[in-house]
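1. take this sequence and fold it.
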Amino acid sequence: MEQAIAAIRFDPTLPPWLLAALALLCVLALAPAIWRRATGAVWRALAFAALLLWLAGPRLVQETRETLPDTALLVIDQTASMQVGDRARITEQARAALEDQGVKLPDLAWRTVTVPEQGSEGTRLFTAIDRALADIPRSRLAGIVAITDGQVHDIPANPPPAPLHVLIPAAGEETDRHLRIVEAPGYGLVGKSVTLKVEVEDLGVAHPEPAARLTIRRDGEPPRVESVPIGAVHSIEIPIARAGPTVVDMQAEALPGEVSTQNNRAVVTINGVRDRLRVLLVSGEPNPGERTWRRLLKADPSVDLVHFTILRPPDKDDLTPLNELALIAFPVRELFQTKISEFDLIILDRFQNRGILPPTYLRNIADYVRNGGALLMEAGPEYAGPLSLASTALGPVLPALPSGEDGISVGAFRPLVTALGQRHPVTAGLPGWQQGRAPAWGDWYRAIRPGQVNGQTLMTGPGDQPLLVLEREGRGRAAMLLSDQIWLWSRGHEGGGPQAELLRRIAHWLMQQPELEENALTARVANGHLVVSRRTTDDAPAPKLTITDPDGHTRQVDMVAQGPGQAAATLDAAEPGVWVANDGQRSAYAASGAANPLELEDLRATATKLAPLAHASGGSVRFIADGLPELRRTEPGREASGSSWIGLRRNHDHLVTGVEELPLLPGWAALPLLLALALMAWRQEGK
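-> Numbering: from 1, shown residues only. A predicted model of the protein is given here:
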């Protein structure tokens, strides 16, 4: 819109200081006449005034101006806390109403920006405002209207350059209870307990309760309840019963009248790890394979190895005096009775029943396995002979029993992975193995033919006879390698083979490491998605998964085959808490932390944080659940808000499109005027 503005301006022909000096001289010249009340003093004063006015160069200036519209900024908070209750609905209604009002205001342009979810950075409201103001001239900024819950995490020290009006989509100040994790270890030792430190805070409550009930669940076990003091750090002991992740879900009881219970819950994942593994390796006699075992176990810094080799059996009598033998007596009682339960794994390498271990101690080994222990046995020719351990009290827990003294196969053969082994994590994907091709590893030359197999056969030897057999016995596990030739792979014979990887997997399966479980259901949350993996050794198609979200709602999900015995499913898991996946036989738990923990620390709608900044800018803060204020235009320097309205400043910014100037006292008119006034003064004074 264009408009014409007229104004008087001065364009002096002399410098201002000289013009001021001349005016002073005129006053001094007039002073005696005024003092004496001379009759021509008035005309003389008019002459001096006309002279000074002419020298000041008065002009009538008429400008044609184009009025520039002001810009109002509407900021919409769309972070996670704005989804609580009816805030999103109230915000959308307020947005539509404000934009409708803004269109009707003259010379005002609306610009709407949103504050998106920022991950772990909280609500960056003023970052979004600064970004929007980058291309808005400050001389045309009418004001900023922000619709937010007041939980802002980048409040600046200085107010914005225009009135800031904060509209909060609530009915008034709210209350909230927050469960805060003060300290949570990332891992714990199996068989020990870890300490979690938490604090329950009541926000916006004048007189908080002294304590709150806290419900604690661990991996879906029956919950336990503890009383936690409000506003004080509380310690919780969590036992770590197994290796792998332990999911701990804690939920504080609801505070009466609180805005949301979403931040009453906290989830912690603690990875259970074993302490230094204690392994007992007993070699029945010196053999090339014992170095392979020793090198493998000593290479792992987390393994404490106790290794004994039977160099001189008790029945050997060469008349050497005992005090001249440079041998350590085998501590049978200490190892197999007193401290047997302290070992995580017992390895019997070509061990035979030559009276070194009495039947009672062999029975102790069998009980050790049944009670949760791990036994790995490498069998050589001695296992098929009369001194075989299969005929002792240890026999019932062994995965395979020999067929007799003639059950020894001699000749080159290459170990093969069975169809079951291709699904089992101990042998699946071994380096050098490809389905349908000969394995790229070297030959072995001796194996024991079993007469009875009690466990699962993962690898076969000559004549398709079982070579590697695994068995679950009671709460423990046992594995048997029916050959003493694996050391050939460690020596690189015919290219060698994956002996280190195979033995590592066998040992970890025996010690019940979760990643080596052959029938397992696992779940994890990554990048906002729940990933469920299922591994099994059977050929049955994967069943539907039942997924339970943190709020207790369930749904059915199909799994997609990923390979032999493997299937997986992926779905969105944005909601924080514990997710449960069940395939009808097993359950898996996964913890989803809050995507924006800073955003969810305080879910109250509050005016306390932004009120000082808004008032310093000339704006206001108000709750709008019960009504939206009216928009008005205000003049600079005037109040920008009232009881039922908020103001947007009218800046009067403009663009000059044309200028016309007219001298008010040109030289051709000034000279006759000066002469006339001087003549009148002379005439009056001459009377």
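2. in the stretch 401-550 of the chain, which spans are helices?
-> Taking DSSP state H, counting those that start in this stretch to define them, one finds helices in the stretch 401-550 of the chain at 487-490, 499-510.
3. a markdown table for those, including mean neighbour count, mean pLDDT and distance to residue 281?
-> Just so you know, the C-beta spots here come from the backbone N, C-alpha and C atoms, and that holds for glycine as well. Below are these laid out as a markdown table (neighbours: other Cβ atoms under 10 Å; pLDDT from 0 to 100; distance: least, Cβ to Cβ, whole Å):
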| stretch | mean neighbour count | mean pLDDT | distance to residue 281 |
| --- | --- | --- | --- |
| helix 487-490 | 21 | 89 | 14 |
| helix 499-510 | 20 | 90 | 11 |
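4. quick one, which of the ones you listed gets closest to residue 290.
-> Between residue 290 and the helices of the stretch 401-550 of the chain, the tightest spacing by Cβ to Cβ is seen for helix 487-490, at 8.3 Å.
5. what sits up against the closest one?
-> Applying Cβ atoms under 8 Å, 6 or more residues apart in numbering, the external contacts of helix 487-490 come out as 288-289, 291-292, 295, 441-445, 494, 496-500.
6. could you turn the buried ones of these into a ChimeraX selection?
-> The following ChimeraX line selects those of these that are buried, judged by 16 or more other Cβ atoms under 10 Å:
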select :289,292,441,442,443,444,496,497,498,499,500
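7. list the contacts of the closest residue to residue 382 other than its chain neighbours.
-> Take residue 382 and drop its neighbours on the chain: the residue closest to it by Cβ to Cβ, 6 or more residues apart in numbering is residue 352, 4.0 Å away. If you count contacts by Cβ under 8 Å, 6+ apart, residue 352 has them with 284, 382, 383, 385, 387, 388, 389.
8. report the buried members of those.
-> 284, 382, 383, 388, 389.
9. circling back to that earlier point, can you put the contacts of residue 352 in JSON lines and add distance to residue 212?
-> As requested, the contacts of residue 352 are arranged in JSON lines below (distance: Cβ to Cβ, whole Å):
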{"residue": "284", "distance to residue 212": "62"}
{"residue": "382", "distance to residue 212": "66"}
{"residue": "383", "distance to residue 212": "63"}
{"residue": "385", "distance to residue 212": "69"}
{"residue": "387", "distance to residue 212": "67"}
{"residue": "388", "distance to residue 212": "64"}
{"residue": "389", "distance to residue 212": "59"}
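10. coming back round to it: and the contacts of helix 487-490, which is closest to residue 236?
-> Comparing these against residue 236 with Cβ to Cβ places residue 500 closest, at 40.9 Å.
11. ok, the closest one to residue 606 distance?
-> For residue 500, the distance to residue 606 equals 61 Å [Cβ to Cβ, to the nearest Å].
12. do residue 288 as well
-> 76 Å.
13. do you know which of the helices of the stretch 401-550 of the chain lies nearest residue 120?
-> helix 499-510 (34.8 Å).
14. export the closest one to CSV, keeping only CA atoms.
-> Provided in CSV are the C-alpha atoms of helix 499-510 (Å, rounded to 0.1, in the frame of the first residue of the first chain):
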residue,chain,number,x,y,z
GLN,A,499,40.6,-75.9,15.3
ALA,A,500,40.8,-72.8,17.5
GLU,A,501,37.3,-71.6,16.4
LEU,A,502,35.8,-75.0,16.8
LEU,A,503,37.2,-75.7,20.2
ARG,A,504,36.3,-72.1,21.4
ARG,A,505,32.7,-72.7,20.3
ILE,A,506,32.5,-76.1,22.0
ALA,A,507,33.9,-74.7,25.3
HIS,A,508,31.5,-71.7,25.2
TRP,A,509,28.5,-74.0,24.5
LEU,A,510,29.5,-76.2,27.4
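15. so which elements touch that helix?
-> Packing contacts for helix 499-510, counted by 3 or more Cβ pairs under 8 Å, 6 or more residues apart in numbering; DSSP states H and E, involve helix 289-298, strand 374-378, strand 466-473, strand 476-481, helix 487-490.
16. could the ones you listed go into CSV alongside distance to residue 638?
-> Formatted as CSV, these follow (distance: least, Cβ to Cβ, whole Å):
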stretch, distance to residue 638
helix 289-298, 85
strand 374-378, 84
strand 466-473, 84
strand 476-481, 84
helix 487-490, 90
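17. select, out of those, the one closest to residue 536.
-> Of all the helices and strands packed on helix 499-510, it is strand 466-473 that lies closest to residue 536, at 15.1 Å by Cβ to Cβ.
18. and the closest one, what's buried?
-> Residues of strand 466-473 classed as buried: 466, 467, 468, 469, 470, 471, 473 (neighbour count, 16+ other Cβ under 10 Å).
19. please name the nearest non-neighbouring residue to residue 538.
-> Per Cβ to Cβ, 6+ apart, closest to residue 538 is residue 565, 7.4 Å.
20. would you check how far apart that neighbour and residue 449 are?
-> 28 Å.
21. more crowded one of the two?
-> A side-by-side neighbour count of residue 565 and residue 449, using other Cβ atoms under 10 Å, places residue 565 first with 23 against 19.
22. quick one: contacts for that one?
-> Neighbours of residue 565 in contact, by Cβ under 8 Å, 6+ apart: 422, 423, 428, 535, 536, 537, 538.
23. list buried residues within those residues.
-> Counted by 16+ other Cβ under 10 Å, the contacts of residue 565 give 422, 423, 428, 535, 536, 537 as buried.
24. in strands, which of the residues you listed fall?
-> residue 535 (DSSP state E).
25. closest one to residue 202 out of the buried ones among the contacts of residue 565, please.
-> residue 535 (45.5 Å).
26. and the helices in the stretch 101-250 of the chain?
-> Here the stretch 101-250 of the chain has its helices, by DSSP H, counting those that start in this stretch, at 125-133.
27. so where's the stretch 551-687 of the chain shaky on pLDDT?
-> Counting by pLDDT under 70, the stretch 551-687 of the chain shows low-confidence ranges at 594-596, 654-660, 662, 664-665, 667, 670, 681-687.
28. just to revisit the earlier point, could you dump the contacts of residue 352 to a markdown table with pLDDT, secondary structure and distance to residue 135?
-> Formatted as a markdown table, the contacts of residue 352 follow (pLDDT from 0 to 100; DSSP: H, G, I helix; E, B strand; the rest coil; distance: Cβ to Cβ, whole Å):
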| residue | pLDDT | secondary structure | distance to residue 135 |
| --- | --- | --- | --- |
| 284 | 80 | coil | 84 |
| 382 | 88 | helix | 87 |
| 383 | 89 | helix | 84 |
| 385 | 86 | coil | 91 |
| 387 | 86 | coil | 91 |
| 388 | 88 | coil | 88 |
| 389 | 89 | helix | 84 |
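29. out of the residues you listed, who's nearest residue 576?
-> residue 389 (53.6 Å).
30. need the contact list for that closest one.
-> Taking Cβ under 8 Å, 6+ apart as the test, what residue 389 contacts is 348, 351, 352, 353, 362, 377, 383, 395, 398.
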